[in-house]
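Engineer: pasting a predicted model and its sequence here:
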Amino acid sequence: MLILGAMLQNSIGFGLGLLCAPIFMHFAPELVPATMILNSLFVTSLVCYKNKASIQLCNFSFATFGGVIGIFAAGATAAFVAPEIYRLIFGVIILSAVALSVKGFNFKIKPSSSILAGAASGFMGTLTSAGGAPMGLLYQNSQQKLIKANLNAFFVIINLLGLISLYIANLVTMQDFVNSLYCIPALIIGWYAAAWVKFNDKSNRLKNFILSITAFAGVSILFS
C-alpha cells in the first residue's frame, strides 16, 4: 500500500496519506497519524525538491497561512470534539466538493480559496494524516507540474508543523520514528515506480484520477 501511495504522490502530486491512512486506521492504527506524517514528510520533500522551479510563491503562501490556521483548529478540535463528529463533517464536505466538480463547478485558485483549502488540508492532515483532498480539488484543473510543486511545498510545511503540534501534545514517540524507517524502502520503490505513470495535461485523465482519489478519501473518512 505504501508503494502505491508513494507512486501516486510522485505521479499526480498527492495521494500517499489519502490512500494509506484510512486503511492503516483499520489494520495498523499505530501508524496513524505520527508515522504516516513522517512518511509523507519524506516523500513530499522529494517531490517538492524535484519540482521546485514550478512553485508559485503567492498561492503557496496563502495556502500555508490557511494550513497553519487548520493545524491550530485541529488541536482545539481534538481536545473538545469526538473524532467521529469531525470525520463525519469533513467526509460530507469532501464528497460534496467532488460532486460539484463532477457537475462542472471549477474551483479557482485565488487567495481566498487557497486559504480555505489550506486550512481544511492542515486540519485534516493533523488529525488523520490524510489532508490532501482539499488542495487536490483546488488544483484539479492545473498543469501537472504546478500540482506537484505547489501541493508538495505546502505539504512539507504542514507536515512539519503538524508533527510539532502532535509532539507538543505528547502524541509522537520514538517508536513512530522507528516505524517510519521501516517504511522507507517501500516509499523509495513507489517513488521510482511513478516513472511508469504518465498523464497528459490536455486530457481529463488527471482530473478524473484526482476526483476518484478524493472521493475514496471522503468515503474512507466517513467509515474510518
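Structural biologist: Great, that's in hand.
Engineer: pull the CA atoms of whichever strand or helix holds residue 189 into CSV?
Structural biologist: Using DSSP states H and E, residue 189 sits within helix 174-193. C-alpha atoms of helix 174-193 as CSV (Å, rounded to 0.1, in the frame of the first residue of the first chain):
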residue,chain,number,x,y,z
MET,A,174,10.4,7.2,19.3
GLN,A,175,8.6,4.2,18.0
ASP,A,176,6.9,6.4,15.4
PHE,A,177,10.3,7.3,14.1
VAL,A,178,11.4,3.7,14.1
ASN,A,179,8.2,2.6,12.2
SER,A,180,8.8,5.3,9.6
LEU,A,181,12.3,4.0,9.0
TYR,A,182,10.9,0.6,8.3
CYS,A,183,8.6,2.2,5.7
ILE,A,184,11.3,4.0,3.7
PRO,A,185,12.2,1.1,1.4
ALA,A,186,8.6,0.8,0.2
LEU,A,187,8.4,4.6,-0.2
ILE,A,188,11.5,4.6,-2.4
ILE,A,189,10.2,1.8,-4.5
GLY,A,190,7.0,3.7,-5.1
TRP,A,191,8.9,6.9,-5.8
TYR,A,192,10.7,5.3,-8.7
ALA,A,193,7.7,3.3,-9.9
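Engineer: give the rounded mean pLDDT of it.
Structural biologist: Helix 174-193 carries an average pLDDT of 96.
Engineer: quick check: the residue positioned nearest the centre of the chain vs residue 80, distance?
Structural biologist: The centre of the chain sits closest to residue 132, judged by CA atoms, centre = their mean, with a distance of 2.4 Å. Residue 132 sits 25 Å away from residue 80, going by CB to CB, to the nearest Å. Bear in mind the C-beta positions are built from the backbone N, C-alpha and C, glycine included.
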